[in-house]
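A.B. asks: here is my input; please provide its structure:
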Amino acid sequence: MSVLDREILALVRRATEEVILPHYRNLGEAQVEEKAPNDLVTAADRESEALLAEGLAKLNPGIAIVGEEAADADPGVMDRLAGPCWIIDPIDGTNNFANGRAPFGILIALAEDGIAQSGWIYDCLTGRFCAAHRGKGAFVGGDRIQARATGETPPVAAISTVFLDLSEREAIREHIAPYYHMVDIPRCAAEQYPRLALGENDVSVFNRALPWDHAAGALWLNEAGGMVARPDGAPYRVDEWERTGLIGAATPALWEELTERLRNIS
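C.D. replies: Residues are numbered from 1 along each chain as shown. Model prediction:
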């Protein structure tokens, strides 16, 4: 584990112990708000982001910070994604967290020129710590990992339909579901990306591709030997946050198979 990895691990543990877990199953009604349909924010999200932003600023004072809640309050924060920046999801899986259930975690990425260079995924309940650096592989704890498929026939698919309209959901049910073993999504990218690398899920489709949800996970899964890309094969960029659609898979072959099926219904 690199020096930077250890510093990030210490920071996310601190946010978890001092802010997140004390609020877990202990939120008052006034501490939970709906930013948009199916999109909650809690007092813990804001407190965690403040702590993480302060810690990251100390690690490198010259790098801009793009936090999910800061961007929600001021959309101009998204302009920082064009340059060197830290990207923070202070609690990924807020809907789960606010309802007193797992999974939820912290996602942090370090990006430059629109491309994630490093990423970290922390599970607040289990302590699982995933790290990746561009060109240097993917790790769980201190162990380098290689993405692996489930080996099941048909392959296991976790496809998010939360933000799809009725016709899009019907197309998935009719043209995609028959070829896969469909399972529920965890509503938490900090859990979904590890599932794709660690033999639990084979493929996933994400509609929204916001940087705090995907910068760290997409880099980590690609570095593990899986594949994450736009439906047209373009790499994921954090500064293309308004663009929808992202496909992840345990192997490039599984990515190609699902992508071809999706192209046939588009």
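
A.B. asks: next, count neighbours for the nearest residue to residue 34 once chain neighbours are set aside.
C.D. replies: Take residue 34 and drop its neighbours on the chain: the residue closest to it by C-beta to C-beta, 6 or more residues apart in numbering is residue 40, 5.8 Å away. For glycine as for every other residue, the C-beta is placed from the backbone atoms N, C-alpha and C. Neighbours of residue 40 under the rule other C-beta atoms under 10 Å: 17.

A.B. asks: my guess is residue 40 contacts residue 96, does it?
C.D. replies: No. Contact criterion C-beta atoms under 8 Å: residue 40 and residue 96 do not qualify, at 9.6 Å.

A.B. asks: before we move on, back to that, ok, the residue nearest to residue 34 to residue 227 distance?
C.D. replies: Note on residue 40: its distance to residue 227, by C-beta to C-beta, to the nearest Å, is 31 Å.

A.B. asks: could you break this structure into its assigned domains?
C.D. replies: 3-144, 156-265 (automatic domain parsing).

A.B. asks: end to end, how far does the longest one reach?
C.D. replies: One end of domain 3-144 sits 16 Å from the other (C-alpha to C-alpha, to the nearest Å).

A.B. asks: what mean pLDDT does it get?
C.D. replies: Domain 3-144 carries an average pLDDT of 96.

A.B. asks: how about stretch 240-254?
C.D. replies: 95.

A.B. asks: quick one: distance of it to the chain centre.
C.D. replies: Put simply, stretch 240-254 sits 12 Å off its chain's centre (C-alpha atoms, centre = their mean, to the nearest Å).

A.B. asks: show residues contacting that stretch.
C.D. replies: Stretch 240-254 is touched from outside by 78, 81, 114, 147-150, 155, 192-193, 196-197, 199, 201-211, 214, 217-218, 221, 225-231, 236, 255, 258-259, 262, with contacts defined as C-beta atoms under 8 Å, 6 or more residues apart in numbering.

A.B. asks: now, those that are in strands?
C.D. replies: 203-206, 227-229 (DSSP state E).

A.B. asks: possible to save those as TSV with neighbour count?
C.D. replies: Compiled in TSV, these are given as follows (neighbours: other C-beta atoms under 10 Å):
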residue	neighbour count
203	27
204	26
205	22
206	25
227	23
228	23
229	19
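
A.B. asks: no further queries at this time; thank you.
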